[in-house]
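Engineer: Kindly generate the corresponding structure for this input.
(one chain, ligands or ions: 1)
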Amino acid sequence: MSSSQGNGQGRNVTLHMVSSLDGFIAKKDNSVSWLDTGGVYEAGVSISEEEAATFLKGIDCYVMGSRTYEHALELGWPYGDTPAVVVTGRKWPAARKSVEFYSGDLKTLVDVKLAPRYRNIWLVGGAMLCQRFLELGLVDEIKLTIAPVLLGDGLRLFGGSLTEERWNLKNVVAYKNGFVELSYSAPAA
Ligand SMILES: NC(=O)c1ccc[n+]([C@@H]2O[C@H](COP(=O)([O-])OP(=O)(O)OC[C@H]3O[C@@H](n4cnc5c(N)ncnc54)[C@H](OP(=O)(O)O)[C@@H]3O)[C@@H](O)[C@H]2O)c1
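Structural biologist: Residues are numbered from 1 along each chain as shown. Model (predicted):
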């Protein structure tokens, strides 16, 4: 669970994504078998299904871009009944009770719509929306999981328009399957 202090407003926005070793978050054909497993790293940890479930229960709300939403629906919706906000300029049919759609200013989304209701907010992609959140200074914590694979091509983790910024490493967890989770907190404002 996040140990970040958040931003002083009570809410904590964690950007979470899985990247290949060469910095891609999706293949061009959107296939996800590259996320399945790595090798075996004996010194790594593994977590049980119960531990994973307890961890996920601590997440109050997910935020995602509409392309990530579409892909998540195709994959079988991994976010359960936890409230989720999909950022989009389009009109969508209601697919799940827990999902609402948002169009508009992202700072208003976080500070006015989400912060009064949720504390532990997870921004789960994709590249476009995460980049916008970073540009606007709306991310308190980055959890980046590195998969032990080179993809060579695909969708870049963050595009090209971010500026130099030093983040603070808070934790590193190496898993038995060869994935490594890096946690960073945002630079002090
Ligand atoms: N490896 C991982 O951890 C990971 C995580 C998440 C997603 N992914 C992959 O990443 C891909 C999707 O990423 P993506 O970068 O293409 O798309 P995305 O960020 O998921 O969604 C982009 C869409 O979000 C909406 N949007 C973004 N910024 C907005 C803003 N400021 N205001 C209003 N709407 C905004 C727009 O929707 P409208 O066009 O509807 O207006 C835009 O087209 C998928 O392949 C997915 O599987 C990978």
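Engineer: Around the ligand, which positions in the chain sit nearby?
Structural biologist: 17-18, 25-26, 30, 64-68, 71, 87-90, 103, 106, 124-129, 132, 155 (C-beta under 6 Å from any ligand atom). Where you see a C-beta, it was placed from the backbone N, CA and C, and this is true even at glycine.
Engineer: same thing but 8 Å
Structural biologist: 16-19, 25-27, 30, 32, 35, 64-72, 86-90, 92, 102-104, 106, 124-132, 145, 155 (C-beta under 8 Å from any ligand atom).
Engineer: In helices, which of those appear?
Structural biologist: Counting by DSSP state H, the part of the residues of the chain next to the ligand found in helices is 66-72, 106, 127-132.
Engineer: any chance of the residues you listed in CSV, with distance to residue 180 and neighbour count too?
Structural biologist: As requested, those are exported to CSV (distance: C-beta to C-beta, whole Å; neighbours: other C-beta atoms under 10 Å):
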residue, distance to residue 180, neighbour count
66, 29, 18
67, 26, 18
68, 22, 24
69, 27, 25
70, 28, 15
71, 24, 16
72, 24, 19
106, 29, 16
127, 20, 21
128, 25, 16
129, 24, 22
130, 19, 26
131, 22, 19
132, 26, 16
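Engineer: can you put these in JSON lines and add distance to residue 47?
Structural biologist: Formatted as JSON lines, those follow (distance: C-beta to C-beta, whole Å):
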{"residue": "66", "distance to residue 47": "30"}
{"residue": "67", "distance to residue 47": "29"}
{"residue": "68", "distance to residue 47": "24"}
{"residue": "69", "distance to residue 47": "26"}
{"residue": "70", "distance to residue 47": "29"}
{"residue": "71", "distance to residue 47": "24"}
{"residue": "72", "distance to residue 47": "22"}
{"residue": "106", "distance to residue 47": "32"}
{"residue": "127", "distance to residue 47": "26"}
{"residue": "128", "distance to residue 47": "30"}
{"residue": "129", "distance to residue 47": "27"}
{"residue": "130", "distance to residue 47": "24"}
{"residue": "131", "distance to residue 47": "29"}
{"residue": "132", "distance to residue 47": "31"}
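Engineer: Grab the two from those that are most spread out in space.
Structural biologist: Using C-beta to C-beta, the pair of these lying farthest apart is 71 and 106, separated by 20.4 Å.
Engineer: re earlier: from the ones in helices among the residues of the chain next to the ligand, which single one is nearest residue 189?
Structural biologist: residue 106 (17.1 Å).
Engineer: Please report how far that closest one lies from residue 131.
Structural biologist: 11 Å (C-beta to C-beta, to the nearest Å).
Engineer: Then residue 18?
Structural biologist: Relative to residue 131, and taking C-beta to C-beta, residue 18 is found at 16 Å.
Engineer: Can you add pLDDT and give the ones in helices among the residues of the chain next to the ligand back as CSV?
Structural biologist: Shown next, in CSV, are those (pLDDT from 0 to 100):
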residue, pLDDT
66, 98
67, 97
68, 98
69, 97
70, 96
71, 96
72, 97
106, 98
127, 96
128, 96
129, 97
130, 97
131, 96
132, 96
